[in-house]
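> sequence first, predicted coordinates after that:
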Amino acid sequence: MQNMHFIILTLILFSLCVTTSKTHADRREEGNLVIEDIPEIPESISSRIAQYQNTRSASVQDWMPGGGMLIATRFAETTQIHSVEHPGGARRQITYFDEPVYGASMCPDASVNGFLFVKDIGGNEYYQIFFFDFAAGQHTMLTDGVSRHGSVLWSNKGDRFVYHSTKRNDRDYDLYVCDICHPHDAAMILENEGLCAAVDWSPDDQKLLVLNYISVNESYYSILDIETGRLDRINPSDEKISYGSAMWAKDGRGIFITSDEGSEFRRLMYYDIASRSFTVITKDIPWDVQSIDITERGDRLAFTVNDDGMGKLYMLDTPSMNYKQVPGIPSGQVYGLLFHTDGDRLAMGINTARTPGDIYVLNLENDSLERWTYSEVGGLNSESFVSPELIHYETFDSVDGKPRMIPAFYYKPDKGNGPFPVLIDIHGGPEGQYLPYFSSMAQYYVNELGTAVLAPNVRGSAGYGKSYLLLDNGFKREDSVRDIGKLLDWIDKQPELDSSRIAVIGGSYGGYMVLSTMTHFNDRLACGIEIVGISNFVTFLENTKEYRRNLRRQEYGDERDPDMRKFLLQISPTTNVHKITKPMFISQGLNDPRVPASESEQIVKVIRKNGGTVWYLLAKDEGHGFSKKSNRDYYNNAVALFLEMYLLKR
């Protein structure tokens, strides 16, 4: 009898231990990383992936007096500001911070000899504005150290700059102008409700072009008279119009602006201020016009076009309003347009699927392209990198009687005949777009793990017209998840792909898509990787920072409305997490102001309560994603191990 009691007691204790092992994590800390249930990374993985983690890129920040350039690149933990004096010249580091530095802009007044930049702390996105003085060799913080600031813009003369700030109530963005001689004495020039930013100064520095952003499909431009405070709305309309880039014509009589008024796409237009009329310039381009820049003489304007996910560069002759595509630009992404003051040179960033972003300068006299930076690829042979194929697959509904087609970029391994395991990479936003920028990790998955990568632009993605953009709004949210289901059907039909080994990965809203895809298609997936993702729309909307809450309500729906709240709870992954039985890897930045860490914590807790397998990684010095190299390296190592354990093994 005593033996029986002993056996029963042993079984009870064993049962408690089993339960405890499923609900409590194996937790350790390494530096700023909190690591739960992630095994030690084998040397075989960390050594193999090291080269892929030692790639870098460079981006244009500003031209410097004398012809040199300010650039942003990373040589240690974070991206910092450097200078390059000439094409192919050595990079000289200027800023040295633990946190990344953004938006360096030289003062147009050469006698000031310095530049403005912004920086936050630990990824909290409460950006502060700094001035770096070349003569003194030091920086000074110009803002309060507490509020959120940004959209810094020098006047043409260089005696003042404008920026937006939430310091009035930590919710709304007001505009402030600051005299460079008294940089700490900024004056509010516009009290605003919601998000706004100054986009350009008028040529005489008396007015500002101000953008008021409501949502991805609704925004407005106004002209602000700085002295009187008068705000004149451009093109008042009851129609919801989405505006993008805008710049003043150099004679001050008009504005070059992009708008989707009367079109599926944002077209380049000219707005005549006196007559209050628009002239459409790019009638024949059926894609979004994105960034623009104009010479100081005002005779030429450069603009980029998002052509089915690929960047094209065009040049406009402003007197005639004729434009042409610039030849000789590598096929990829073109961004960061910036004319030199001489008007004959245009700096830009160019990035392709096989080469990281570097800075090039276009000579407008002969359309020749000169490379300024040469970013490393970890000693790897870039010729071995894979360029994705643009495919289109049928989804569940139709347009004008024909099946709706979903675009996706398909990275197919060159080695072997398959069938290859598949990693579906789902972008965030949701009004984002997967663009085939260089990704060292995509190349690692394809070349080293022998995994195909599919990156779909499901309904709700930008770049394919405003009707497509709105297809996932409100109560149609899960239609985009159904698009992933149809991608699984497409994979089933590809003989070179292994439909029994499919994983999904995504961050932010893409993280929600991963969780939702796992709840809908658990039996068809091997595992999921979610980064800073939304796990419950109601708790997300209630806890995201106040300055962005209404912006997100425009996209996801207002959780204060009873019907919408019920729907959002119904589709939230936390409500449906019991359907997930496959392994999950979840990562989060502790200081994330967009998707709070509580979103990850609650989904991890419920998965563990259900007895599921979940790896969890929390970075205490990061926000919405990992910006520090050491954190990112560990994360990538862990993802590689996770895929080897749960995707690659049959």
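Right, received. Where do you want to start?
> for stretch 306-313, C-alpha coordinates in PDB please.
In PDB, the C-alpha atoms belonging to stretch 306-313 read as follows (Å, rounded to 0.1, in the frame of the first residue of the first chain):
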ATOM      1  CA  ASN A 306       7.500  52.400 -58.700                       C
ATOM      2  CA  ASP A 307       7.000  50.200 -61.800                       C
ATOM      3  CA  ASP A 308       5.500  46.900 -60.600                       C
ATOM      4  CA  GLY A 309       7.900  46.900 -57.600                       C
ATOM      5  CA  MET A 310      11.000  48.100 -59.500                       C
ATOM      6  CA  GLY A 311      12.400  51.700 -59.500                       C
ATOM      7  CA  LYS A 312      12.700  53.800 -62.600                       C
ATOM      8  CA  LEU A 313      14.400  57.200 -62.800                       C
END
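> buried set for it?
Asn306, Gly309, Met310, Gly311, Lys312, Leu313 (16 or more other C-beta atoms under 10 Å). In short, each C-beta sits where N, CA and C put it, glycine included.
> find the pair from those with maximum spatial separation.
Maximum pairwise distance in the buried residues of stretch 306-313, criterion C-beta to C-beta, is 15.2 Å, between Gly309 and Leu313.
> do I have it right that Leu211 meets Asn192?
No. The pair Leu211 / Asn192 is not scored as a contact, 10.8 Å apart, by C-beta atoms under 8 Å.
> so between the two, which is more surrounded?
Legend: neighbour count by other C-beta atoms under 10 Å for Leu211 and Asn192, higher for Leu211 (20 against 17).
> return the alpha-carbon coordinates of stretch 163-174 using PDB.
Extracted in PDB, the C-alpha atoms of stretch 163-174 (Å, rounded to 0.1, in the frame of the first residue of the first chain):
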ATOM      1  CA  TYR A 163      10.400  70.800 -37.600                       C
ATOM      2  CA  HIS A 164       7.300  69.100 -36.100                       C
ATOM      3  CA  SER A 165       7.000  68.100 -32.400                       C
ATOM      4  CA  THR A 166       4.500  66.500 -30.100                       C
ATOM      5  CA  LYS A 167       5.600  68.400 -27.000                       C
ATOM      6  CA  ARG A 168       2.300  70.200 -26.600                       C
ATOM      7  CA  ASN A 169       0.300  67.100 -25.600                       C
ATOM      8  CA  ASP A 170       2.300  64.000 -26.800                       C
ATOM      9  CA  ARG A 171      -0.400  63.300 -29.400                       C
ATOM     10  CA  ASP A 172      -0.600  66.000 -32.100                       C
ATOM     11  CA  TYR A 173       2.200  67.300 -34.300                       C
ATOM     12  CA  ASP A 174       2.700  71.000 -34.200                       C
END
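> what's next to it, contact-wise?
129, 143-144, 146-153, 175-176, 178, 186, 188, 190-198, 546-547 (C-beta atoms under 8 Å, 6 or more residues apart in numbering).
> if any of these are buried, put those into a PyMOL selection.
Of the contacts of stretch 163-174, the buried ones go into a single PyMOL selection, burial set by 16+ other C-beta under 10 Å:
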select buried, resi 129+143+147+148+149+150+151+152+153+175+176+178+186+190+192+195+196+197+198+547
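> so which of the contacts of stretch 163-174 belong to helices?
Under the assignment DSSP state H, those contribute Glu546, Tyr547 to helices.
> just the contacts of stretch 163-174: which are in strands?
129, 149-153, 175-176, 178, 188, 190, 195-198 (DSSP state E).
> and those residues, which is closest to Asp414?
Asp414 has its nearest neighbour among the ones in strands among the contacts of stretch 163-174 in Gly150, at 42.5 Å by C-beta to C-beta.
> per-residue confidence averaged over stretch 252-264?
Average pLDDT, stretch 252-264: 96.
> sorry, that was for stretch 95-108
96.
> who touches it?
Contacts for stretch 95-108 (C-beta under 8 Å, 6+ apart): 61-65, 70, 72, 77-81, 113-123, 127, 132, 139, 150, 152-158, 180, 627-628.
> how about that stretch: buried residues?
Across stretch 95-108, burial judged by 16+ other C-beta under 10 Å covers Thr95, Phe97, Glu99, Pro100, Val101, Tyr102, Gly103, Ala104, Ser105, Met106, Cys107, Pro108.
> how far does it sit from its chain's centre?
Put simply, stretch 95-108 sits 19 Å off its chain's centre (C-alpha atoms, centre = their mean, to the nearest Å).
> 543 is where my numbering starts, stick with that
In the new count, where the first residue is 543, that last one comes out as stretch 637-650.
> doesn't Phe951 make contact with His934?
No. Using C-beta under 8 Å, His934 is not in contact with Phe951; the gap is 10.8 Å.
> show me which of those two is the more surrounded one.
Each of His934 and Phe951 has its neighbours counted (other C-beta under 10 Å); Phe951 has more, 21 against 15.
> I am finished for the moment; much appreciated.
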